[in-house]
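In: Provided below for reference: sequence and predicted model.
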Amino acid sequence: MSSSVESLVYLPFALPPLGLASALLLVVCLALLLLRQRGNGSSIPLRQGLVSIDGQSGKVSATTTETAELDSPDKPRCLLLFGTQTGTAERFAKQLKAEMSLRYGATTNFDVVDAEEYDAASKLKEERLVIFLLATYGDGEPTDNAAELYNWTIKASAEEQDLLKDVTFAIFGLGNRQYEHFCAVGKRMHKALKDLGATPVGPRGEGDDDEDIEADFDKWRTELYDALDKCSLLTKDQEQPDITHVSATDGANPLNTVILSGEAATRVQQQQSSWNWGHPSGQNGQGAKPQDSFMATVQCVRELHKPASDRSCLHVELNTEGSSMDYAAGDHVGVYTINPPAAVEEAARLLNLPLDTVFSLEATDSSSSNIDNPFTGPTTLQAALTHHADLLAPINKAAVQAFAALAKGSSADKLQRLLSKDGAQEWKAWHRQSRCLLEVMREFPDVQPSLGAFFGSIAPKLQVRFYSISSSPLPHPRSIHITCAYIDEPTPTGRQHKGVCSQHFGRLKPGDRVSAFVRRSPMHLPQNSSNAVIMIGPGTGLAPFRGFLQDRASQMASGKSLGPAWLFFGCRSKTQDYIYEEELADYQSSGALTQLSVAFSRNGPNKVYVQDHMLKHGSELAALIEGQQTAHVYVCGDAKHMAKDVHKALQTMLQQHKSCSAAEAEAAIQSLADSGRYMRDVW
Ligand SMILES: Cc1cc2nc3c(=O)[nH]c(=O)nc-3n(C[C@H](O)[C@H](O)[C@H](O)COP(=O)(O)OP(=O)(O)OC[C@H]3O[C@@H](n4cnc5c(N)ncnc54)[C@H](O)[C@@H]3O)c2cc1C
Ligand SMILES: NC(=O)c1ccc[n+]([C@@H]2O[C@H](COP(=O)([O-])OP(=O)(O)OC[C@H]3O[C@@H](n4cnc5c(N)ncnc54)[C@H](OP(=O)(O)O)[C@@H]3O)[C@@H](O)[C@H]2O)c1
Ligand SMILES: Cc1cc2nc3c(=O)[nH]c(=O)nc-3n(C[C@H](O)[C@H](O)[C@H](O)COP(=O)(O)O)c2cc1C
């Protein structure tokens, strides 16, 4: 059967832009030739110019890539290691590589490496210069991909002193000041590396994504370059300006768009229309390893709030029959969410292409190796927009930069000003309004990126959503339950934001498919079932404890004797959002739950929260923790306020019970945490 794939790069579609493009191409080539001649004083060719043409916009841009000589294995390398969950640290690492290659590339190679792919135990001591970009998650913990690197470094630092004496390093920690342990991973890694004898260069960076993380990154790297210019490890290319801030994708059209037609296109359209908006394992393109993910069938979706509530919380059951997935109560499930159809349709309209366009993306040149090709094969625009592009989350600066690079006329003026130094105040205001990509496209409909530019450098990847599994495999070995608070809130631009995954769950019907995977969590029931359990989980924080209670009920039914279990739950009122009320009552009657304490926050004139109930039962709880029953304390739910307040209550309780100072009570909590008896699953 003959294939009718038309490998058409967009460029040939539009003859007038081609004419213009050819002329510009010539000019750029001449300019590059002149530049190279200027650089001839150096025996090492600095950069080789490449020209890329965005066929749709007709934009010609000079990009640079490393020549074979620059990539010479003889040159020492600088390693850029990133630990990320949602991609910011990786983006920053690639941006640093692009800039540093321009600035110091004559004498050094720059390698961006995923922390997960790096064997620190055997290799770190042999590096010369390492730049770490590490995000903090959970309860001040590393990202999944950096966990091994982090654990190894912390452990080694307690055992060795000058293992890394020949290594110079810099760290930029990514975090959010609203969380209790702001940039904890960056801070702890900095200390551990110093303890291992490594030498820091430049200041330790901290990026706060509650404010302007891009501005924090700009400031840190400017200071880092100053410090690196002064140290002997790197040689600055004198041709380059003092501060070069370029993005990994600045002005480049990193991926060419290949449009398919005929039979090949029809095949893709037919295949993808049967996806039912879940997609087969391995085709999610959202970062998880295919072997980790499975297609689950939706068993049921039901509302947990009572009719009097003006909010919503959904109970979702996913059947995992046919997959090799297993889980424990307390684990997380990652869900590959999808965009709502209305947003997908609007994005296609703004891109000026029909939803059934079938295309694939191809790297334009070796510099495109910095850019992830999100698709392993041809796809329809509908599937690409549905599964891959983050259309609705607040847009980041790099995406705006890549979008602005394609703008012309007044749109270009407006966007360039926004991104310039003079536009700093405007950018701050823009940033605070948290516009999403769709809103930016709506505001500048004349900016028409090619699909290569759109998916390669503008649209961030749609992120996996995690949920604390609210079931136990004992009664539900082939089913995973999720308890999801439905997000529906106004954004600063006045748009009502319905959470992407909340909406996704809200649209699901029994029989629909969802792509998901299980992530292990350290928060499990005590191994010794006679230990007491204290669970604190208001709102959706109840989720893992429903799993714990199912587990305990099954264990009891099989004749196991269990220690006491206390649950502190909180919600607004009994008549609105007391979720799983009947189930909790049943667990109490069966003895799986020894004591249930519910704080209704909006029943009276004053707010009553879980921590108020904990303090009321302070001496009993402290006795459970300090006494024979060696209670394990678990907290789940909101990290920004609840978890901090509950921590304070725990401290007050122990202080009163032990008649000790606040510092001593805090030390007691720390020792509980160290022994795995104080665990928090907070987000
Ligand atoms: C380990 C872990 C466990 C979790 N467990 C649970 C659980 O059991 N139950 C649960 O309900 N959740 C849980 N979450 C949270 C969950 O992962 C999702 O974050 C949550 O469901 C919201 O996702 P969403 O796609 O519906 O909302 P999103 O669309 O991601 O929106 C999330 C927030 O960002 C804001 N936002 C988004 N876009 C914009 C914009 N353009 N402008 C302004 N603001 C915007 C929204 O208003 C909202 O506050 C957990 C998270 C983690 C990390
Ligand atoms: N970013 C996300 O993706 C996401 C997803 C889900 C939930 N959340 C957030 O997580 C939190 C929990 O959401 P939810 O729907 O599960 O619960 P919720 O219904 O918002 O809150 C549950 C109960 O906790 C109370 N509460 C508020 N502040 C508290 C504090 N400092 N200490 C103890 N209790 C407190 C609430 O009281 P009052 O409301 O009366 O003050 C309510 O009674 C919310 O803040 C929500 O915005 C975020
Ligand atoms: C569920 C969750 C937990 C987080 N926990 C912390 C934390 O404990 N401390 C902190 O400083 N930042 C915390 N953050 C903020 C992230 O570190 C921050 O958003 C960072 O920019 C993410 O980088 P990444 O995109 O590379 O993953 C948390 C964010 C989320 C979504």
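Out: Good, I have the coordinates. Residues are numbered from 1 along each chain as shown. Ligands and ions are numbered 1, 2, ... in the order given.

In: what bits of the stretch 201-350 of the chain have low per-residue confidence?
Out: 239-254, 274-291 (pLDDT under 70).

In: Now do the SS call for residue 483.
Out: strand (DSSP: H, G, I helix; E, B strand; the rest coil).

In: Okay, it and residue 553: tell me how far apart.
Out: For residue 483, the distance to residue 553 equals 17 Å [Cβ to Cβ, to the nearest Å]. All C-beta atoms are positioned from the backbone trio N, CA, C, and that covers glycine.

In: and those two? which has more neighbours close in?
Out: residue 483 (24 against 20; other Cβ atoms under 10 Å).

In: For the more buried one, which residues count as its bridge partners?
Out: Per DSSP bridges, the residues bridged to residue 483 are residue 315.

In: Then residue 567?
Out: residue 535, residue 596.

In: mind listing what it touches?
Out: Contact analysis of residue 567 by Cβ atoms under 8 Å, 6 or more residues apart in numbering lists 535-537, 545, 549, 584, 593, 595-597.

In: Pick out whichever of the residues you listed sits closest to residue 105.
Out: residue 537 (51.5 Å; Cβ to Cβ).

In: Residue numbers of this protein in contact with ligand 3?
Out: 84-89, 135-138, 140, 143, 174-176, 179, 181-184, 209, 213, 683 (Cβ under 6 Å from any ligand atom).

In: Now intersect these with the strands, please.
Out: Mapping these onto strands (DSSP state E) picks out 135-137, 174-175.

In: Contacts only, for the closest residue to ligand 2 within the stretch 501-650 of the chain.
Out: Proximity of the stretch 501-650 of the chain to ligand 2 (Cβ to the nearest ligand atom) peaks at residue 539, 2.2 Å away. Counting by Cβ under 8 Å, 6+ apart, residue 539 makes contact with 313, 485, 570-571, 577, 637-638.

In: Need the phi and psi values for it.
Out: phi 60, psi -140 (degrees, to the nearest 10).

In: Look up how far residue 569 lies from it.
Out: For residue 539, the distance to residue 569 - Cβ to Cβ - is 9 Å.

In: what is in contact with those two at once?
Out: By Cβ under 8 Å, 6+ apart, no residue touches both residue 539 and residue 569.

In: Just give the number of residues close to residue 608.
Out: For residue 608, the neighbour count with other Cβ under 10 Å is 16.

In: again but with residue 192, I slipped
Out: 19.

In: Quick check: buried residues in the helix or strand harbouring it?
Out: In this assignment (DSSP states H and E), residue 192 forms part of helix 184-195. Residues of helix 184-195 classed as buried: 184-190, 192-193, 195 (neighbour count, 16 or more other Cβ atoms under 10 Å).

In: Name the residue of the chain that lies nearest to ligand 3.
Out: Closest point on the chain to ligand 3, by Cβ to the nearest ligand atom, is residue 175, at 2.2 Å.

In: dump the residue contacts of the closest residue to that residue other than its chain neighbours.
Out: Using Cβ to Cβ, 6 or more residues apart in numbering and skipping the chain neighbours, the partner closest in space to residue 175 is residue 183 (3.8 Å). Residues near residue 183 by Cβ under 8 Å, 6+ apart: 136, 173-175, 206-207.

In: ditto for residue 463
Out: So residue 463 contacts 86-87, 286, 337, 390, 393 (Cβ under 8 Å, 6+ apart).

In: you'd agree residue 155 is in a helix?
Out: Yes. Assessed by three-state DSSP, residue 155 belongs to a helix.

In: Could you report the neighbour count for it?
Out: Neighbours of residue 155 (other Cβ under 10 Å): 12.

In: Work out for me the element the closest residue in space to residue 292 that isn't next to it in sequence sits within.
Out: Counting by Cβ to Cβ, 6+ apart, residue 517 is the residue found nearest to residue 292 once chain neighbours are left out, at 4.4 Å. Using DSSP H and E, residue 517 maps to strand 513-519.

In: What strands flank that strand, and is each parallel or antiparallel?
Out: strand 293-303 (antiparallel), strand 332-335 (antiparallel).

In: Minimum distance to ligand 2: which of the ones you listed has it?
Out: strand 332-335 (12.5 Å).

In: Report all helices and strands that the helix or strand just after that closest one contacts.
Out: Next in sequence after strand 332-335, counting helices and strands by DSSP H and E, comes helix 341-351. Here helix 341-351 touches helix 381-387, helix 437-443, going by 3 or more Cβ pairs under 8 Å, 6 or more residues apart in numbering; DSSP states H and E.

In: Which of these has the highest mean neighbour count?
Out: helix 381-387 (a mean of 25; mean count of other Cβ atoms under 10 Å).

In: Can you show me the CA trace of it as CSV?
Out: Output in CSV follows, covering the C-alpha atoms of helix 381-387 (Å, rounded to 0.1, in the frame of the first residue of the first chain):
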residue,chain,number,x,y,z
LEU,A,381,-4.7,18.7,16.3
GLN,A,382,-7.7,17.8,18.5
ALA,A,383,-5.8,15.1,20.3
ALA,A,384,-2.7,17.3,20.6
LEU,A,385,-4.6,20.2,22.2
THR,A,386,-6.7,17.9,24.3
HIS,A,387,-3.8,15.9,25.9
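
In: Sweet, I'm off.
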